[in-house]
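> Predicted structure and sequence below. I'll ask about it afterward.
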Amino acid sequence: MDYSAQLIAAETAARKAGAFLRARFHEVHQVDEELAHDIKLRLDKETQALIVESLAAQYPDYSVLGEEGCGAGASADSPQWIIDPIDGTVNYFYGIPIFCVSIALRVGAQTVLGCVYDPMQDECFTVCKGGAPCLNGRPIQVSARTQMAQAVVFIGHGTHDGSGAAGIARFAHVSAQVRKIRILGSAALTLCYIAAGRFDAYIENRINLWDFAAARVILEAAGGACEYTPTSADLLSGSVIAWNGKLPIHAALRTS
């Protein structure tokens, strides 16, 4: 089936949400929930509502799974939008201009499209399953790097990902093998950066499905690989290893 119309709807919604967030970037933001290593803003809910309203105008029967809860669509069997209204909320709150809007569409067990929009850079990563992944309409692909010594990677390191001392040890072990470590604070943008050849790998012990659903389909279409291991009964959170498909990432993670 052709999902190009749904992709246009997703990009339209993402760009609307991005404009909304960009216009409010320098405001003082209301915190709804403050966690040890995360923040939930009132703006998260407002942005998701804006996205859902835009998508529902064209696809009222689709259901929604989002960071800010579920809504829209009565049938569990209907296609489902997977939405992260602000991936990088802590960055946004602190005035760091690295965040994005992430929208995927899942039909049955398959994610059929992804749209990730960075409103501060005006970069929109998109793909329909089976098509060419693009950045602002230009095709992208993963890097050709095959050696860890050449790689730029993101490694979760124990505090925010819940891996504790083991995560710190993993961070030290892998970081000694690579060219540079870069931590953006946005999982979706990190996977898209791998898809575009900017980064080479991403390793995280704790991530939610909405954080990476859209970016995963973009990455895989660009020639990369993503392994997700659910750790919750509802399958909505787990660990991720994503890379350009060429690096010996599993060997690099082994400590013995």
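Right, received. Where do you want to start? Residues are numbered from 1 along each chain as shown.
> Can you report how many residues neighbour Ala13?
Using other Cβ atoms under 10 Å, Ala13 has 25 other residues around it. Any C-beta I mention is one placed from the backbone N, CA and C, and that applies to glycine too.
> wait, Pro133
25.
> For Tyr117, give me its contacts.
11, 14-15, 17-18, 100-102, 123-125 (Cβ atoms under 8 Å, 6 or more residues apart in numbering).
> So which of those residues are in strands?
Using DSSP state E, the subset of the contacts of Tyr117 located in strands is 100-102, 123-125.
> Just among the contacts of Tyr117, which is most surrounded?
Most surrounded of the contacts of Tyr117: other Cβ under 10 Å gives Ser102, at 36 neighbours.
> beta partners for that one?
With DSSP bridges as the criterion, Ser102 is bridged to Asp84, Val116.
> give me every residue that touches it.
Neighbour list for Ser102: 14, 83-84, 87, 114-117, 188, 210-215 [criterion: Cβ under 8 Å, 6+ apart].
> Quick check: of these, which lies closest to Lys246?
The shortest approach to Lys246 among the contacts of Ser102 belongs to Ala215, at 18.4 Å (Cβ to Cβ).
> quick one, helices of the stretch 51-200 of the chain?
In the stretch 51-200 of the chain, the helices defined using DSSP state H, counting those that start in this stretch lie at 89-93, 164-175, 187-195.
> so for stretch 233-246, what's the average pLDDT?
For stretch 233-246, mean pLDDT is 94.
> Now do it: everything it contacts.
Taking Cβ under 8 Å, 6+ apart as the rule, stretch 233-246 contacts 65, 142-146, 187, 190-191, 194, 197, 200-210, 212, 216, 219, 223-232, 249-250, 253.
> show me what contacts the spatially most central residue of the chain?
The chain has Ala188 as the residue nearest its centroid, 2.1 Å off, counting by Cα atoms, centre = their mean. Going by Cβ under 8 Å, 6+ apart, Ala188 touches 84, 87, 100, 102, 116, 211-212, 214-215.
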